[in-house]
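> Just to be clear, the model below is a prediction. Sequence and coordinates:
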Amino acid sequence: MTLPTVGALAERASVATGLSDFGSDGWQLGLDHLLDALSTDLARQPDLQSAIADMVVARLANRLRVEEWYRLSEERPPPMQGPLVIVGLPRSATTALHYLLGIDPQFRFTRGWEMAEPVPPPDPATEAGDRRRRAALSSNTDVQHISSADGPVEDGMIHALHFGHQEMAIPVPTYTRWWRHRDLTGTFGYQERVLRLLHSRRPPHLWLLKAPAYLFHLGSMSRHYPAARFVMTHRDPTRTIPSACSVVYTTRRSSLPAYRQDKASLGADMLEHFAEGMRMAMAARGQIGEDRFLDVSHEQVEEHPVRTAQRIYGFAGLDLSEETLSRMQDWAAANRRGSRGAHDYSAEDYGLFPAKIDEEFADYRRAFASYL
């Protein structure tokens, strides 16, 4: 298969939507590198290349619809507030904390169904019956994640529209290695553009964001959002990395069923990736300022969720109402470890062993020993 060019994929999206304005430039660079990675990492798998090209066209179509909405909108969306950002290694309680804090109605967070199709933006008057939401309600429960149609999810799909996403769901390690050190200033600008669209009819405007991928780009994020505050979760990497491998393996099987991936190679890639991410995050913290970070452990989130939430609210200067506190207590009681079933995986399946993981995360383990 001859891989299509950026221009050819853009033309397909334009034909599909009848639109031509992709918004500000910058996204082309990431797409160029993604296409290069397809030719390198999936050189002899034309069916997979074609499937990923179709994904790219769908992203570009969403970009076109976002710009068309802005063109037709009579009013500019209100500015963002915050955000409060949850960041940490994958499988370190970032999702549980996202759900716990998301109970508070003063926060706005991204939901999967509205990110898959951001246009039209959700409206409280009609979203209960929105076809996008109804489709999400029929999704299967996943023991690997806390999930619900109206619950918070990572905003990676927004970054993907700017081709500034880490792309762990597809096997393009060449791209991912380049992405780690890419300047994401433009991506965070585009993120804000889409988030403001999403809250244009559906407040509040104080955003609660979460993604392990932020580890790599805390500097760019903090510069774009000078009011951002960061809550960093911590857990022993010998527990998080094998678990994250299992999640990525399952995700790739779902998104690309024809792909036959080697588990040991995946394990090596994941260890390299997140060890580098943590090194970058630790360096960025020193530049951003420790006063903008609060550290919490996986154990604290699991064993003392409400107390942990109270610490976070104090750090962020936010009020925590008695009603919200009570709802947090109820949610924590209903979502204890194991409540959705067992997540079975083996580190050895991915060629991972504690000594090697400890070696890669040695500086992190020393710096945050009290949280591990």
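In hand now; what should we look at?

> rest of the way, CA atoms for contacts and neighbours
Will do.

> According to the record, where do the domains of this protein fall?
1-72, 81-371 (automatic domain parsing).

> Please enumerate residues in contact with the strand of greatest length in the chain?
In the chain, assigned by DSSP state E, the strand with the most residues is strand 81-88. Applying C-alpha atoms under 8 Å, 6 or more residues apart in numbering, the contact partners of strand 81-88 are 94, 97-98, 205-215, 225, 227-234, 316.

> quick one on the thing from earlier: now the domains of the chain in a markdown table, with mean pLDDT and mean neighbour count?
Formatted as a markdown table, the domains of the chain follow (pLDDT from 0 to 100; neighbours: other C-alpha atoms under 10 Å):
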| stretch | mean pLDDT | mean neighbour count |
| --- | --- | --- |
| domain 1-72 | 96 | 17 |
| domain 81-371 | 93 | 18 |
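
> Just list the residues touching H199, thanks.
With C-alpha under 8 Å, 6+ apart, H199 has these contacts: 77-78, 108, 121-122, 205.

> Let's have these in JSON lines, adding distance to D295 and secondary structure.
JSON lines is the format used below for the contacts of H199 (distance: C-alpha to C-alpha, whole Å; DSSP: H, G, I helix; E, B strand; the rest coil):
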{"residue": "P77", "distance to D295": "33", "secondary structure": "coil"}
{"residue": "P78", "distance to D295": "31", "secondary structure": "coil"}
{"residue": "R108", "distance to D295": "22", "secondary structure": "strand"}
{"residue": "P121", "distance to D295": "34", "secondary structure": "coil"}
{"residue": "P122", "distance to D295": "33", "secondary structure": "coil"}
{"residue": "H205", "distance to D295": "25", "secondary structure": "coil"}
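
> can I get these in JSON lines with distance to A43?
Formatted as JSON lines, the contacts of H199 follow (distance: C-alpha to C-alpha, whole Å):
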{"residue": "P77", "distance to A43": "43"}
{"residue": "P78", "distance to A43": "45"}
{"residue": "R108", "distance to A43": "42"}
{"residue": "P121", "distance to A43": "38"}
{"residue": "P122", "distance to A43": "40"}
{"residue": "H205", "distance to A43": "44"}
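
> quick one: which of the residues you listed is nearest C245?
R108 (29.4 Å; C-alpha to C-alpha).

> re the thing from before, so what are the sheet partners of the longest strand of the chain and their directions?
strand 206-210 (parallel), strand 229-234 (parallel) (DSSP bridges).

> Just give me how far it sits from the chain centre.
12 Å (C-alpha atoms, centre = their mean, to the nearest Å).

> From E359, how far out is the residue nearest to G351 when sequence neighbours are not counted?
Distance criterion C-alpha to C-alpha, 6 or more residues apart in numbering; nearest residue to G351, sequence neighbours excluded, is A264 at 4.7 Å. According to C-alpha to C-alpha, to the nearest Å, A264 and E359 sit 18 Å apart.

> which stretches of the stretch 201-350 of the chain form helices?
With helices called from DSSP state H, counting those that start in this stretch, the stretch 201-350 of the chain shows them at 218-224, 237-255, 263-288, 298-303, 305-316, 322-334.
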